[in-house]
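Trainee: Curious how this folds, go ahead:
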Amino acid sequence: MLSSSTRLLQLLALLQTRRHWLGSELAEHLDVHPRTLRRDIDRLRQLGYPVQASSGVAGGYAFRAGQALPPLLLDDDEALAVSIALRTATAGAVGGIEEPALRALVKLEQAMPARLRQQVDALRSTILPMDRVGPVVEASLLATLACACRDQLRMDFSYEDGKGRNTQRAVEPQGMVHTGMRWYLVAWDRGRSDWRTFRIDRMAAKPEVGAHFKPRLGPDGGDLKAYVSRSITVAPHADQARVVLHAPYTEMARRIQPSAGVVTELADGQRCQLECAASDWLVFWLMALDVEFEVVAPASMVDRLRVAGERALRCATGAAAAADS
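Mentor: Sure thing, here's the model as predicted:
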């Protein structure tokens, strides 16, 4: 038979693994009488844990949100994952959470057993973060937007577009997407009667939250990541490139980031198409991919590749001649 304190900890851990437990199931897992289980539930409530009980055939116990955040139990893998996430947050692209993340990290690692601290120390010494790329977004702004998306609340905000012009936008927010460099809000623009993406760092002030709106199916069938990828890599640029890559879609989709271009599979299954901005950077990336390709459009992209190829050949020939002399 488990001691009372050990049994309480085991009961708390079980309650956190499911949304609902039958009383008989919990009693069986703990190997106790139902009356003992009820007393343990009462002890958890006295300690501040919000455990709700329901009666009837399907009655049982559920761990619910309360007025304050009680201590949580984490297994080894969960503790390591939280530790890594908190350490990443101290130097991430979300402003205003660095200090709270550091405080939480100190509390977590102080409570860790020695075996976990050793693993965390090993990860700390081997995982080296790169310098942050992209603008910082305040955590409070992200929280406001997330709540509006979840509760389906209209928003009004001042927005600076890519040309530096300030406009007032009235939207119905759908969700947020992080591309690895920037945060985007996907929303139905009521003034333009269409879906739009908004760079969150370009919101001039905190949005004003309004009334509820009737939900609608999001763009691209609700795939917000695909919509943002297409919006930021294809739509903003007048000169668009379409390139057929002689490699399977699964391979290219893994190597080409969504923020760089839109990759779609072709009917033969052995090739795929890349849509993105036609730029000098595309010349570099096409060569770096190290796969055969065909430029479908625009014609200017073919000229850029030809010029780059002639330059590379000229430089290589010159280097070889210098080495022979």
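Trainee: Show me the domain layout of the chain.
Mentor: Domain ranges of the chain: 4-63, 76-126, 137-233, 240-311, per automatic domain parsing.
Trainee: Endpoint to endpoint, the first one covers what distance?
Mentor: Its first and final residues considered, domain 4-63 spans 20 Å by C-alpha to C-alpha, to the nearest Å.
Trainee: Bridged to the closest residue to Arg230 other than its chain neighbours, which residues?
Mentor: Of all residues not flanking Arg230 in the chain, Val262 sits nearest, at 5.1 Å (C-beta to C-beta, 6 or more residues apart in numbering). Yep, even glycine has a C-beta here, placed from its N, CA and C like the rest. Judged by DSSP bridges, the bridge partners of Val262 are Glu275.
Trainee: I figured Val262 was touching Ala277, is that so?
Mentor: No: assessed by C-beta atoms under 8 Å, Val262 is found out of contact with Ala277, at 11.0 Å.
Trainee: What residues of the biggest helix by length in the chain count as buried?
Mentor: If you go by DSSP state H, the chain has its longest helix at helix 299-324. In terms of neighbour count (16 or more other C-beta atoms under 10 Å), helix 299-324 has its buried residues at 301, 304-305.
Trainee: of all the residues you listed, which comes closest to Ala241?
Mentor: Ala241 lies nearest to Met301 out of the buried residues of helix 299-324, by C-beta to C-beta, at 5.3 Å.
Trainee: Could I get the contacting residues of the nearest residue to Asp239 once chain neighbours are set aside?
Mentor: With C-beta to C-beta, 6+ apart as the criterion, Asp239 has its nearest non-adjacent residue at 4.4 Å, and that residue is Ala278. Taking C-beta atoms under 8 Å, 6 or more residues apart in numbering, we find Ala278 in contact with 237, 239-241, 298, 300-301, 304.
Trainee: again, 10 Å this time
Mentor: 237-243, 295, 297-301, 304 (C-beta atoms under 10 Å, 6 or more residues apart in numbering).
Trainee: before we move on, what about Arg7?
Mentor: So Arg7 contacts 1, 30-32, 36-37, 40, 43 (C-beta under 10 Å, 6+ apart).
Trainee: Inside helices: which ones of the residues you listed?
Mentor: Those of those lying in helices (DSSP H): 30, 36-37, 40, 43.
Trainee: I'd like those as a markdown table, with neighbour count and distance to Arg165 appended.
Mentor: Shown next, in a markdown table, are the ones in helices among the contacts of Arg7 (neighbours: other C-beta atoms under 10 Å; distance: C-beta to C-beta, whole Å):
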| residue | neighbour count | distance to Arg165 |
| --- | --- | --- |
| Leu30 | 18 | 64 |
| Thr36 | 15 | 68 |
| Leu37 | 21 | 64 |
| Asp40 | 21 | 62 |
| Arg43 | 16 | 61 |
